[in-house]
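Asks: Just a sequence and a predicted model for now, questions to come.
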Amino acid sequence: MCEHLSKAEDPAARTPEGCEECLATGGRWVHLRRCLECGHIGCCDSSPSKHATAHYHSTSHPVVQSYERGEDWRWCYVDNQMG
């Protein structure tokens, strides 16, 4: 497992009801991802706006976790590794 995945935190979701940016703009999402550094909720790359990846590019926060019920996988953008 990469260093980022092993050191990832477990912050509370900032917008547990959905993607932070989509909620603000009236956008739509397919699946949600939670940033494990700050709790940002963003939409996945199958969503029109890809806010989770955009959040990584703007902040360099390396790890997201699926924010879908029944899923607990994590993804490191830096190392392109799932954990």
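Replies: Everything's here; your move.

Asks: Just give me the longest helix of this structure.
Replies: In the chain, ranked by residue count with DSSP state H as the criterion, the top helix is helix 51-59.

Asks: packing partners for that helix?
Replies: helix 20-25, strand 32-35, strand 41-43 (3 or more Cβ pairs under 8 Å, 6 or more residues apart in numbering; DSSP states H and E). Heads up, the C-betas are built off the backbone N, CA and C, glycines and all.

Asks: Relative to His57, tell me which of these wins on proximity.
Replies: Closest of the helices and strands packed on helix 51-59 to His57 is strand 41-43, at 11.0 Å (criterion: Cβ to Cβ).

Asks: ok so, going back, now the helices and strands packed on helix 51-59 in TSV, with mean pLDDT, mean neighbour count and distance to Thr53?
Replies: TSV is the format used below for the helices and strands packed on helix 51-59 (pLDDT from 0 to 100; neighbours: other Cβ atoms under 10 Å; distance: least, Cβ to Cβ, whole Å):
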stretch	mean pLDDT	mean neighbour count	distance to Thr53
helix 20-25	98	16	12
strand 32-35	98	26	9
strand 41-43	98	26	8
